[in-house]
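J.: the amino acid sequence is not available; the structure is as follows:
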């Protein structure tokens, strides 16, 4: 493992840790009124903090989408997934130490199909946003990507939190199960729907964005050419 990849994995561990840590703390405190906002904000700040190093995935489903998009290798994606799951698991242990374990929710009338649709659509929205604001050539160098991604999670969590819990992230689903806040036997529903949502989002991204992964968009090229011409005229 080279030093660059090791640094990325540390960032992915830290980002996933604090995301799951906030989710766990919020979920175990009934008085927290702005839970979804806190979760979206924690993801936003972790993306701004580590996005320049690792890309700020903090989510195996996002990593899958980025891999399908062609912006990372299979080996790197595999290591990312391991770092994210470890980060989520360690965060769950930290939350349990601070606040104790939760109890699995009582039997619900929500069906598996409803949970999977909510998680699949929420993950689609998240991965679709990530790919377009953080990897598309046309939005390269923007300063809003963390805000856009964080608010996507916030919006989706508010929309379907009562249906599925609003994980949109296999690492989060694992962490919540470790904390006892969800039935571990239902993990397959979350992982399957989230990975499917991520894959479909990546497919739509590739369909709608025709540029090659590292090809500068025409608009950016034109701006760069204008700047060059201005510099030449100034000389």
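T.: That came through, no problem. Predicted model, so just to flag it, every value in this text is computed and none were measured.

J.: setting aside sequence neighbours, what's the nearest residue to the residue minimising distance to the centre of the chain?
T.: The chain has residue 59 as the residue nearest its centroid, 4.4 Å off, counting by C-alpha atoms, centre = their mean. Nearest residue to residue 59 in three dimensions, chain neighbours excluded: residue 169, at 4.3 Å (C-beta to C-beta, 6 or more residues apart in numbering). All C-beta atoms are positioned from the backbone trio N, CA, C, and that covers glycine.

J.: show me the shaky parts of this protein.
T.: Within the chain, the segments meeting pLDDT under 70 span 1, 103-107, 211-235.

J.: residue 167 versus the closest residue to residue 182 other than its chain neighbours, what's the distance?
T.: Distance criterion C-beta to C-beta, 6+ apart; nearest residue to residue 182, sequence neighbours excluded, is residue 176 at 4.7 Å. Distance, residue 176 to residue 167, by C-beta to C-beta, to the nearest Å: 7 Å.

J.: neighbour count: these two, which is higher?
T.: residue 167 (31 against 26; other C-beta atoms under 10 Å).

J.: quick one: contacts for that one?
T.: Counting by C-beta atoms under 8 Å, 6 or more residues apart in numbering, residue 167 touches 119, 173, 176, 190, 194.

J.: counting by contacts, list what the helix or strand encompassing the second one packs against.
T.: The secondary structure element spanning residue 173 is helix 170-178 (assigned by DSSP states H and E). Counting contacts by 3 or more C-beta pairs under 8 Å, 6 or more residues apart in numbering; DSSP states H and E, the secondary-structure elements packed against helix 170-178 are helix 3-27, helix 60-69, helix 74-99, helix 187-208.

J.: okay, buried residues for the first one please.
T.: Of the residues in helix 3-27, those buried by neighbour count under the rule 16 or more other C-beta atoms under 10 Å are 5, 8-9, 11-27.

J.: if we can go back for a sec, and the residue nearest to the centre of the chain, what is it in contact with?
T.: Residues near residue 59 by C-beta under 8 Å, 6+ apart: 16, 84, 126, 168, 169, 170, 171, 172.

J.: shouldn't residue 190 be in contact with residue 166?
T.: No - counting by C-beta atoms under 8 Å, residue 190 does not reach residue 166; the two are 10.6 Å apart.

J.: if you count what's nearby, which of those two comes out ahead?
T.: Neighbour tally, residue 190 and residue 166, criterion other C-beta under 10 Å: the higher count belongs to residue 190, 27 against 24.

J.: tell me the spacing between the residue nearest to that one when sequence neighbours are not counted and residue 182.
T.: Leaving out its chain neighbours, the residue that sits closest to residue 190 by C-beta to C-beta, 6+ apart is residue 173, at 3.9 Å. Distance of residue 173 to residue 182, given as C-beta to C-beta: 7 Å.

J.: these two: which is more packed in?
T.: residue 173 (28 against 23).

J.: which residues touch that one?
T.: Residues near residue 173 by C-beta under 8 Å, 6+ apart: 167, 182, 187, 190, 191, 194.

J.: please repeat the previous calculation with a cut-off of 7 Å.
T.: 167, 187, 190, 191 (C-beta atoms under 7 Å, 6 or more residues apart in numbering).

J.: what's near enough to touch the closest residue to the last one other than its chain neighbours?
T.: Setting aside the residues directly before and after it, residue 191 is nearest to residue 170 in space (C-beta to C-beta, 6+ apart), at 4.7 Å. With contacts defined as C-beta under 7 Å, 6+ apart, the neighbours of residue 170 are 60, 61, 190, 191, 194.
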